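Chemist: Model the structure of this input:
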Amino acid sequence: MTLSDPVVIWAAIGLFLIVAEIILPGGIVILLGAACLVVSSLLWAGFVEGIAQSLTLWFITSIVLMLLFRGLTQKMIGGDAHVNNTDEAIDVYGQVAIVIETIGPGEHQGRINFQGSDWPAVADGTEIGVGESVRIICQQNIAYVVEPDTGEDAELKTETSE
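Modeler: Numbering: from 1, shown residues only. The predicted model follows:
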């Protein structure tokens, strides 16, 4: 067997891909390398001849191995996983906004300016005038539910810093 022998080439590529899994974690590259080793062994046994049969066998073996063992290799090797916060309601709770259209009295909807955009807003039934600052309690459909900003958090921050 020489270095130009297809058996050696497929085996070398397979071993390279298996070792490359250390650098490229995720469980896919190791399966591609295992498929190369299968092709190499079937070439050596004489069941496969030529490049067309080798590539076809490699594609089919790669797909079968991925379908069968992807979950297992994912658990063993792991991979990159990052989950961001997808609940925007948590991000806006307690944020301060400015009233640009009077809110209330009662269920009368007004408007606030929050993060550079104008939003519809409702309150607890009290009237909140233009220019006042409000705290966002929650979001109800597209409108924010707000309450007058009493500035308690600002007072607490100054008391704890002293």
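Chemist: Count the residues that sit near I23.
Modeler: 7 (other CB atoms under 10 Å). Yep, even glycine has a C-beta here, placed from its N, CA and C like the rest.
Chemist: helix/strand/coil for it?
Modeler: Following DSSP: H, G, I helix; E, B strand; the rest coil, we place I23 in the coil state.
Chemist: try T56
Modeler: helix.
Chemist: Tell me where the model's unsure across the chain.
Modeler: 1, 3, 73-74, 76-90, 152-162 (pLDDT under 70).
Chemist: swap the cut-off to 80 and go again
Modeler: Along the chain, the model assigns pLDDT under 80 to residues 1-4, 24-27, 70-92, 106-107, 124-125, 151-162.
Chemist: How is it divided into domains?
Modeler: 6-77, 91-148 (automatic domain parsing).
Chemist: Just confirm S40 is within a helix.
Modeler: Yes. Under three-state DSSP, S40 falls within a helix.
Chemist: Check the spacing between it and G14 real quick.
Modeler: Plainly put, S40 is 6 Å away from G14 if you go by CB to CB, to the nearest Å.
Chemist: what does T61 give?
Modeler: 11 Å.
Chemist: A35 too?
Modeler: From A35 to G14 the distance is 8 Å (CB to CB).
Chemist: got it, and N141?
Modeler: Taking CB to CB, one finds N141 at 57 Å from G14.
Chemist: What of G116?
Modeler: Applying CB to CB to G116 and G14 gives a distance of 55 Å.
Chemist: again with D149
Modeler: 65 Å.
Chemist: Same drill for G116 and G14, tell me which one is more crowded.
Modeler: G14 (22 against 5).
Chemist: Which parts of the protein are strands?
Modeler: According to DSSP state E, the chain carries its strands in the segments 96-101, 110-114, 117-122, 133-140, 143-148.
Chemist: any idea of the angle the longest one forms with strand 117-122?
Modeler: Here strand 133-140 runs at an angle of 80 degrees relative to strand 117-122 (axes from the mean of the first three to the mean of the last three CA atoms, to 10 degrees).
Chemist: Report all helices and strands that strand 133-140 contacts.
Modeler: Strand 133-140 is packed against helix 88-92, strand 96-101, strand 143-148, with contacts defined by 3 or more CB pairs under 8 Å, 6 or more residues apart in numbering; DSSP states H and E.
Chemist: just the last one next, same as before
Modeler: Other helices and strands packing on strand 143-148, by 3+ CB pairs under 8 Å, 6+ apart, are strand 110-114, strand 117-122, strand 133-140.
Chemist: give me that answer again for 6 Å
Modeler: Judged by 3 or more CB pairs under 6 Å, 6 or more residues apart in numbering; DSSP states H and E, strand 143-148 is in contact with strand 117-122, strand 133-140.
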